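>>> The following block contains a protein sequence and its predicted model.
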Amino acid sequence: MGRAEVGTPKYIANKMKAKGLQRLRWYCQVCEKQCRDENGFRCHTQSESHVRQMLIIGENPQKKIAEYSEQFKRDFLSLLKSSHGEKKVNFNKFYQEYISDRNHIHMNATKWVSLTEFVKVLGDQGICRVEVDPGKEGGFTIAYIDNSPEAIKRRELAQKRERGDKDDLEREQKQLERQVKKAKMEGEELKKLKKKEGENDENKSESDDSKSARELQRDGTQPIKLAVSFSKKPIATVATRPKPMKLK
């Protein structure tokens, strides 16, 4: 049975059915063909085109596997760099983003047996920063390491800016500490000055008390003489009335 012609309703229906991800076990990487079920995959493997491609690959299978592995790695890192940059992302979650493209190179066509083995290779080669993900998703987190000259220059500028900000912050902290220290010293000097003035006042009052005490101190040999003067009180004169005259 031949293929449906482009633009026919059957062709459109087949495209709609094939839209999205299909079962990986029914995908032929050699022919880059996705089958929808086991029967379709079996029919495809028995087709003349598939057998011819397998005979070509059978002459040097390691070379073809190396090509698939290199293309898988290149496409994987390109998508990681363009979509997430140098940010951390869960490896399993990102792999789902990668395989959402139906035309990607599948893992079963590469030299790596599992995703864990592949992510460890990326970490050992220094291509990505690989860490164990402590979150709910588990697995590993990866972050792309951009070693291009532009990225290195950008990181150096960022580090220089960070060091400058750190130096400014330290300078402000030191200046603030000097101001606090100066304020404390001025406060202590003010307290000492007030304390000294208080001591001077106390010494002055004590000296005045001792002086008055010395003035009232009695000599044991001679009696104390007090000069007291009493002024005479004026005698008030009472005016007398004239006696009345008696008339004869």
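Good, I have the coordinates.
>>> What average pLDDT does the helix or strand containing residue 161 get?
Following DSSP states H and E, one finds residue 161 within helix 149-215. Mean pLDDT, helix 149-215: 76.
>>> Would you pull up how far that helix lies from the middle of the chain?
Relative to its parent chain, helix 149-215 has a centroid offset of 32 Å by CA atoms, centre = their mean, to the nearest Å.
>>> Equivalent analysis for stretch 71-82, please.
29 Å.
>>> repeat for stretch 142-161
19 Å.
>>> just the CA coordinates of it, formatted as PDB?
Taking Å, rounded to 0.1, in the frame of the first residue of the first chain, the C-alpha atoms of stretch 142-161 are listed here in PDB:
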ATOM      1  CA  ILE A 142      23.400  20.200  35.300                       C
ATOM      2  CA  ALA A 143      24.600  23.700  34.400                       C
ATOM      3  CA  TYR A 144      26.400  24.400  31.100                       C
ATOM      4  CA  ILE A 145      29.900  25.900  31.400                       C
ATOM      5  CA  ASP A 146      30.500  28.400  28.600                       C
ATOM      6  CA  ASN A 147      34.200  28.500  27.800                       C
ATOM      7  CA  SER A 148      34.000  30.900  24.900                       C
ATOM      8  CA  PRO A 149      36.200  34.000  24.900                       C
ATOM      9  CA  GLU A 150      33.100  36.200  25.200                       C
ATOM     10  CA  ALA A 151      31.800  34.300  28.200                       C
ATOM     11  CA  ILE A 152      35.200  34.300  29.900                       C
ATOM     12  CA  LYS A 153      35.500  38.100  29.400                       C
ATOM     13  CA  ARG A 154      31.900  38.500  30.700                       C
ATOM     14  CA  ARG A 155      32.700  36.500  33.800                       C
ATOM     15  CA  GLU A 156      35.900  38.500  34.400                       C
ATOM     16  CA  LEU A 157      33.900  41.700  34.200                       C
ATOM     17  CA  ALA A 158      31.300  40.400  36.600                       C
ATOM     18  CA  GLN A 159      34.000  39.200  39.000                       C
ATOM     19  CA  LYS A 160      35.700  42.600  38.800                       C
ATOM     20  CA  ARG A 161      32.400  44.400  39.400                       C
END
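>>> what helices or strands is the helix holding residue 161 leaning on?
Helices and strands touching helix 149-215, by 3 or more CB pairs under 8 Å, 6 or more residues apart in numbering; DSSP states H and E: there are none. Quick note: C-beta positions are derived from backbone N, CA and C, even for glycine.
>>> Distance-wise, check residue 173 relative to residue 96.
Distance from residue 173 to residue 96, counting by CB to CB, to the nearest Å: 47 Å.
>>> residues of stretch 119-127 that come out buried?
Along stretch 119-127, these residues count as buried under the neighbour rule (16 or more other CB atoms under 10 Å): 119, 121, 122, 127.
>>> Show which residues not belonging to it make contact with it.
For stretch 119-127, the surrounding residues in contact (CB atoms under 8 Å, 6 or more residues apart in numbering) are 77, 91, 112, 128, 129, 130, 140, 142, 144, 145.
>>> Many thanks, we can stop here.
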